[in-house]
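Colleague: Sequence and predicted structure, then a few things I'm wondering about:
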Amino acid sequence: MRQVNVLILLVLLAAAGPAAAGDPGAGAAAARPAIPPAVEGVFRAHCYACHGEKKAKGQVRLDAMPAMDARARLDLLNQIQEQVHFAAMPPEDERQPGPAERKLLADWGRGEVLAAGGSPIEDKLRYPDYGNAVDHD
């Protein structure tokens, strides 16, 4: 009887797929957060021309973020936090996002970084590496 139960359990696990069998990477694509429509709109208006499907300046593709693994996504989110905080992107000769759009990106980026277990930009600004970039006014 015990062998029958074990056999049934194995058949059920096999039928359920790798996620049920304990594969930590299985099902991860479905669990990856999508870019919210409002953030997607800002990216479309100000970022994708240089960091999208057709062009990836600095090897940065914002449109590919939902498909990235957790580490690559966190690295990109950290870059976004810095670019938004220091208003380094888009370049000065490009149309700039307004204050509400920058706040939207900053709030979204901070929330995503925290959800991924990273440090928000405010924590990083305490490090000496950022000393020369901090606005002293």
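Modeller: Received it, and whenever you're ready, just let me know what you need. Predicted model only: the values in this text are computed from it and were never measured. Residues are numbered from 1 along each chain as shown.
Colleague: residue ranges of the helices in the chain, please?
Modeller: Here the chain has its helices, by DSSP state H, at 2-16, 28-31, 37-46, 70-85, 99-115, 121-124.
Colleague: any idea which of these is most buried?
Modeller: The highest mean neighbour count among the helices of the chain, using mean count of other C-beta atoms under 10 Å, belongs to helix 70-85: a mean of 18. Every residue, glycine included, has its C-beta placed from N, CA and C.
Colleague: for that helix, packing partners?
Modeller: Judged by 3 or more C-beta pairs under 8 Å, 6 or more residues apart in numbering; DSSP states H and E, helix 70-85 is in contact with helix 99-115, helix 121-124.
Colleague: at 6 Å what do you get?
Modeller: Applying 3 or more C-beta pairs under 6 Å, 6 or more residues apart in numbering; DSSP states H and E, one finds that helix 70-85 contacts helix 99-115.
Colleague: returning to what we had before: please identify which of the helices of the chain is closest to residue 93.
Modeller: helix 37-46 (12.8 Å; C-beta to C-beta).
Colleague: what's in contact with the closest one?
Modeller: By C-beta atoms under 6 Å, 6 or more residues apart in numbering, the list of residues contacting helix 37-46 from outside reads 62, 90, 97, 101, 104-105, 108.
Colleague: Restricting to C-alpha, output it in PDB.
Modeller: Backbone C-alpha positions of helix 37-46 (Å, rounded to 0.1, in the frame of the first residue of the first chain) are rendered in PDB as follows:
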ATOM      1  CA  PRO A  37       1.200  51.200 -17.300                       C
ATOM      2  CA  ALA A  38       2.000  54.600 -15.900                       C
ATOM      3  CA  VAL A  39       5.700  53.800 -15.600                       C
ATOM      4  CA  GLU A  40       5.600  52.200 -19.000                       C
ATOM      5  CA  GLY A  41       4.100  55.500 -20.400                       C
ATOM      6  CA  VAL A  42       7.000  57.500 -19.000                       C
ATOM      7  CA  PHE A  43       9.500  55.000 -20.400                       C
ATOM      8  CA  ARG A  44       7.800  55.100 -23.800                       C
ATOM      9  CA  ALA A  45       7.800  58.900 -23.800                       C
ATOM     10  CA  HIS A  46      11.400  59.500 -22.500                       C
END
